[in-house]
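1. for reference, the sequence and a predicted model appear below.
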Amino acid sequence: MMLCLLALGLGACSVVPRDETSQTGFERYFRVEWVTGESARGVPMFTGYVFNQHVYPAEGLRLFVDELDNFGQPILRKTVYVPSILPGSRSYFEVPITGTAKNYRVGLYGWEWRAGGGA
């Protein structure tokens, strides 16, 4: 799996400016690991996990995937809802993509912390 933080480029993820719609500092609390591939039906997919590295459960996360052109400019954005994630655990996501992008940018926004930890 590929590890990609919003402003850090590794492998197929390029170094791009921080997206203004991303909640500031999400990297302190979450880690996103992803790969691109195809579904069983041959549909291009962006799949992976969001890891909660904080001490509180998070809920209501929205993950976005920007498909970028050769110049790092977004050509399409897809947003998916990620259900609650307990501390130290992860949640799976799938995002259908066009398969024509040169690079991708990933970010999170809109989450809330749930007090109490645990389930």
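-> The structure has been received and is ready for your questions.
2. look up how far residue 81 lies from residue 59.
-> 10 Å (Cβ to Cβ, to the nearest Å). Bear in mind the C-beta positions are built from the backbone N, C-alpha and C, glycine included.
3. let me redo that: residue 67
-> As defined by Cβ to Cβ, residue 67 lies at a distance of 19 Å from residue 81.
4. for the residue nearest in space to the middle of the chain, list each beta-bridge partner.
-> With distances taken as Cα atoms, centre = their mean, residue 106 lies nearest the centre of the chain, 4.4 Å away. Counting by DSSP bridges, residue 106 forms beta bridges with residue 65.
5. next one: residue 85
-> Beta bridges link residue 85 to residue 58, judged by DSSP bridges.
6. correct me, but it touches residue 53?
-> No - in this structure residue 85 lies outside contact range of residue 53 using Cβ atoms under 8 Å: 9.8 Å.
7. these two: which has the busier surroundings?
-> Neighbour totals were compared for residue 85 and residue 53, and residue 85 leads with 22 against 14 (other Cβ atoms under 10 Å).
8. tell me the contacts of that one?
-> Each residue near residue 85 by Cβ atoms under 8 Å, 6 or more residues apart in numbering is listed here: 50-52, 57-59, 61, 91.
9. and if you look at residue 101?
-> Taking Cβ under 8 Å, 6+ apart as the contact definition, residue 101 lies against 67-69, 75-76.
10. now the strands for this structure?
-> 2-3, 30-38, 44-52, 58-59, 61-68, 74-82, 90-96, 103-109, 112-113 (DSSP state E).
11. okay if I get those strands as CSV plus mean pLDDT?
-> Compiled in CSV, the strands of the chain are given as follows (pLDDT from 0 to 100):
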stretch, mean pLDDT
strand 2-3, 36
strand 30-38, 95
strand 44-52, 96
strand 58-59, 96
strand 61-68, 95
strand 74-82, 94
strand 90-96, 95
strand 103-109, 93
strand 112-113, 94
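12. out of residue 67 and residue 81, which sits in the more crowded spot?
-> Of the pair residue 67 and residue 81, residue 67 is the one with more neighbours under other Cβ under 10 Å, namely 21 against 10.
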